[in-house]
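In: sequence and computational prediction follow.
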Amino acid sequence: MSDIENPFQETLISRHRAEPCTVVIFGATGDLTHRKLIPALYNLAAGGDLPPQFKVVGFARRDKADDEFRTELEESNKKNSRQGHDAALWANFGQSIHYHRSEFQDLEGYKALKVLLDEFDKERGAAANRLFYLASAPEFFDEIMLMLRESGLNEGPSGKWARVVCEKPFGKDLKSARHLNEVVSQTFHESDTYRIDHYLGKETAQNIMVMRFANHIFEPLWNNLFIEQVQITCAENLGMEGGRGGYYDTAGALRDMVQNHLFQLLSLVAMEPPTGLGADAVRDEKVKVIRSLRKWRGVDEVAKNVIRAQYTAGSVDGVERVGYRQEDRVNPKSMTESYVALRLFIDTWRWQGVPFYMRVGKQLPKKATEISIHFKQPPQVPFATGELGGSRNVLVFRIQPDEGISLRMMSKLPGVQLLLQPVKMDFRYSTSFGKASPEAYERLLLDAMAGDATLFARRDEVEHAWSFIDEIEHAWHNDGPQPPMCEYPAGSWGPKEADQLLQENNRVWRRL
Ligand SMILES: NC(=O)C1=CN([C@@H]2O[C@H](COP(=O)(O)OP(=O)(O)OC[C@H]3O[C@@H](n4cnc5c(N)ncnc54)[C@H](OP(=O)(O)O)[C@@H]3O)[C@@H](O)[C@H]2O)C=CC1
Ligand SMILES: O=C1O[C@H](COP(=O)(O)O)[C@@H](O)[C@H](O)[C@H]1O
């Protein structure tokens, strides 16, 4: 019997049950709702994971009837649903969707929303819980929170919960993140606040903890005695498509990806074993990692350890691309980085002296996110191993695409001679489980409805991450001399300075 057929499997995995609720999406006519949120809810419905008498209310300012809204969403679902689109299923699911027209700033609109939600409760014959999803630009968060308070919607009906999900970006620096946290905490309790980071919803990101803590073979080696370096790469082959330049040019790779997604991956790799799987037990350990990051302060330290760069014209997948500064809605004199590489150290007993290298960028040759754990060379190798590092073991978590985990090992080449060759033990989700993984938003929406905040960022995690990022941003944007803005042609693997960051210590980026 294979492990997959193990009848005890269900006892090892707690299956989430969403509690009956109405989800209100602020910004429901936007791109996120069309491409991610509604397809995620539809796929949950297809899997029978939505609670009974479930409802969605879309909140936005354009005038629209329920049916018009449903038809628009159905068209998007056809394009974006992971499991395809089933007309009969949609006919049923679509009836749970409603539209509510209002400005974010208009208290009357929220009072009318309350009346609508109360009517739904009457139809159901019982009050339902309420999940408010802020799929709006963050500059509206203050007003939406204020209006939720003023209208009393933040309280939820008697005996029922009201929770809030906040989309990224959660601030642009420590000051703005603290302000947002203050505003949110005046409206919702921290335990009812879900700051989304969709990387935590990715199946392979969740598997990092399982691989580390449900197997005995890795953890004894998971420290500076055996690990030589760790690399995290998040490459994208896209640029500023879909009008993203306007937002991106105010953020850059460090704020857009490192502060949130990459630090979340880092903390899963580097955390101590949690005492349980409760949200706070896990997040307590994750936050310790972020707090222990050695801060790079001042221009010299930042220049030595952090490389920023912008892409110049080039070609990706055979298609010509303009340079970053020529992109639509990007300032032609922009000093915003489309690529960043960092050398990080975690000042804990476990990780003393182990460098963690990270790189993330737009317009790279392919889309790929992976974490590689590079083990030290055996203390004495009685074989000729050829190239430098030839006998090193490397454990790779492929976060996306081709999700899986591989281990590079040395093996004897078949034959009469004693020749060595690296081989790969490879676990692939697609072949091992034979079914597609859910989209990150499916898992995260379900968790928010089930009251499990483990895969959401806690207030202190977000603030510690920003306090690390702020030092770098200050060095980059101070009025005096600044670390250089490097360049790389679109379609290359980044600037040569990022290679030099590793070459200084006789290392190279793993080839993806
Ligand atoms: N799109 C994506 O893939 C991702 C987005 N995000 C984040 O999600 C959030 C939303 O992004 P996205 O969907 O792309 O944004 P869009 O610009 O596509 O949508 C904005 C939404 O806000 C509504 N809106 C704007 N102003 C008001 C107002 N004054 N009163 C009422 N409604 C208003 C719009 O309504 P109307 O149409 O009626 O004007 C629309 O529904 C952002 O914070 C973004 O950073 C995060 C990760 C990925
Ligand atoms: O949050 C963001 O993530 C996407 C990358 O997400 P992925 O799931 O496709 O890896 C990135 O393109 C975007 O700039 C950023 O805001």
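Out: It's in. Ligands and ions are numbered 1, 2, ... in the order given.
In: could you dump stretch 85-92 to PDB, C-alpha only?
Out: Provided in PDB are the C-alpha atoms of stretch 85-92 (Å, rounded to 0.1, in the frame of the first residue of the first chain):
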ATOM      1  CA  HIS A  85     -16.000  26.300 -16.000                       C
ATOM      2  CA  ASP A  86     -19.100  24.200 -15.600                       C
ATOM      3  CA  ALA A  87     -22.300  26.000 -16.600                       C
ATOM      4  CA  ALA A  88     -24.500  24.100 -14.300                       C
ATOM      5  CA  LEU A  89     -22.300  24.600 -11.300                       C
ATOM      6  CA  TRP A  90     -21.900  28.300 -12.100                       C
ATOM      7  CA  ALA A  91     -25.700  28.600 -12.400                       C
ATOM      8  CA  ASN A  92     -25.900  27.500  -8.800                       C
END
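In: quick one: contacts of it?
Out: Tyr42, Ala45, Ala46, Glu74, Asn77, Lys78 (CB atoms under 8 Å, 6 or more residues apart in numbering). The C-beta positions use only the backbone N, C-alpha and C, and glycine is treated the same way.
In: could you do stretch 365-372 as well?
Out: So stretch 365-372 is contacted by 208, 230-238, 265, 269, 316, 394-401, 491-493, 510, 512 (CB under 8 Å, 6+ apart).
In: among those, which ones are in strands?
Out: Taking DSSP state E as the definition of strands, these contribute 230-235, 316, 394-400.
In: check those and tell me the two furthest apart.
Out: Maximum pairwise distance among these (CB to CB): 29.1 Å, between Val316 and Leu395.
In: interface residues of this structure facing ligand 1?
Out: Contact residues (CB under 6 Å from any ligand atom) of the chain with ligand 1: 27-32, 35, 60-62, 103-104, 135-138, 167-169.
In: out of those residues, who's near ligand 2?
Out: Near ligand 2, by the rule CB under 6 Å from any ligand atom, you find Lys168 out of the residues of the chain next to ligand 1.
In: only the buried subset of the residues of the chain next to ligand 1, as a PyMOL command please.
Out: A single PyMOL command is used to select the members of these judged buried by 16 or more other CB atoms under 10 Å:
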select buried, resi 27+28+29+30+32+35+60+104+135+136+138+167+168+169
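In: so which of the residues of the chain next to ligand 1 sit within strands?
Out: Using DSSP E, the residues of the chain next to ligand 1 in strands are Ala60.
In: quick check: the residue of this structure nearest ligand 2.
Out: In the chain, no residue comes nearer to ligand 2 than Asp256, which is 4.7 Å away by CB to the nearest ligand atom.
In: for ligand 1, see how far away the closest residue to that residue other than its chain neighbours is.
Out: Spatial nearest neighbour of Asp256, chain neighbours left out: Tyr248 (6.4 Å); criterion: CB to CB, 6 or more residues apart in numbering. Distance, Tyr248 to ligand 1, using CB to the nearest ligand atom, to the nearest Å: 10 Å.
In: where does the chain have its least confident helix or strand?
Out: None of the helices or strands of the chain scores lower by mean pLDDT, DSSP states H and E than helix 9-12, at a mean of 41.
In: if we can go back for a sec, ligand 1: which of the contacts of stretch 85-92 is nearest?
Out: Of the contacts of stretch 85-92, the one sitting nearest to ligand 1 (CB to the nearest ligand atom) turns out to be Asn77, at 15.3 Å.
In: verify the stated contact: the closest one with Lys36.
Out: No. Using CB atoms under 8 Å, Asn77 is not in contact with Lys36; the gap is 11.0 Å.
In: Glu487: neighbouring residues, count only.
Out: Neighbour count of Glu487, defined by other CB atoms under 10 Å: 17.
In: past the one helix or strand it maps to, which element shows up next along the chain?
Out: According to DSSP states H and E, Glu487 maps onto strand 485-489. Downstream of strand 485-489, the first helix or strand assigned by DSSP H and E is helix 496-503.
In: and that following helix with strand 485-489, angle?
Out: 100 degrees (axes from the mean of the first three to the mean of the last three CA atoms, to 10 degrees).
In: quick check on the contacts of stretch 85-92: which are buried?
Out: Tyr42, Ala45, Ala46, Glu74, Asn77.
In: not counting residues beside it along the chain, what's closest to Val306?
Out: Leu342 (5.0 Å).
In: surely the one you found meets Gly361?
Out: No. Judged on CB under 8 Å, Leu342 makes no contact with Gly361 at a distance of 11.9 Å.
In: so Gly246: helix, strand or coil?
Out: Assigned with DSSP: H, G, I helix; E, B strand; the rest coil, Gly246 falls in the helix class.
In: what number of residues are in the vicinity of Gln380?
Out: Gln380: 5 neighbours (other CB under 10 Å).
In: in the stretch 201-350 of the chain, which ranges drop under the pLDDT threshold?
Out: Low-confidence segments of the stretch 201-350 of the chain (pLDDT under 70): none present.
In: all strands of it, in order?
Out: 227-235, 306-312, 314-316, 319-321, 339-344 (DSSP state E, counting those that start in this stretch).
In: can I get these in JSON lines including distance to ligand 2 and mean neighbour count?
Out: Output for these, formatted as JSON lines (distance: least, CB to the nearest ligand atom, whole Å; neighbours: other CB atoms under 10 Å):
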{"stretch": "strand 227-235", "distance to ligand 2": "7", "mean neighbour count": "21"}
{"stretch": "strand 306-312", "distance to ligand 2": "14", "mean neighbour count": "24"}
{"stretch": "strand 314-316", "distance to ligand 2": "14", "mean neighbour count": "17"}
{"stretch": "strand 319-321", "distance to ligand 2": "15", "mean neighbour count": "14"}
{"stretch": "strand 339-344", "distance to ligand 2": "12", "mean neighbour count": "25"}
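In: out of these, the one nearest Pro220 is which?
Out: Of these, nearest to Pro220 by CB to CB is strand 227-235, at 11.6 Å.
In: other SSEs contacting the closest one?
Out: Counting by 3 or more CB pairs under 8 Å, 6 or more residues apart in numbering; DSSP states H and E, the packing neighbours recorded for strand 227-235 are helix 263-270, strand 356-361, strand 368-375.
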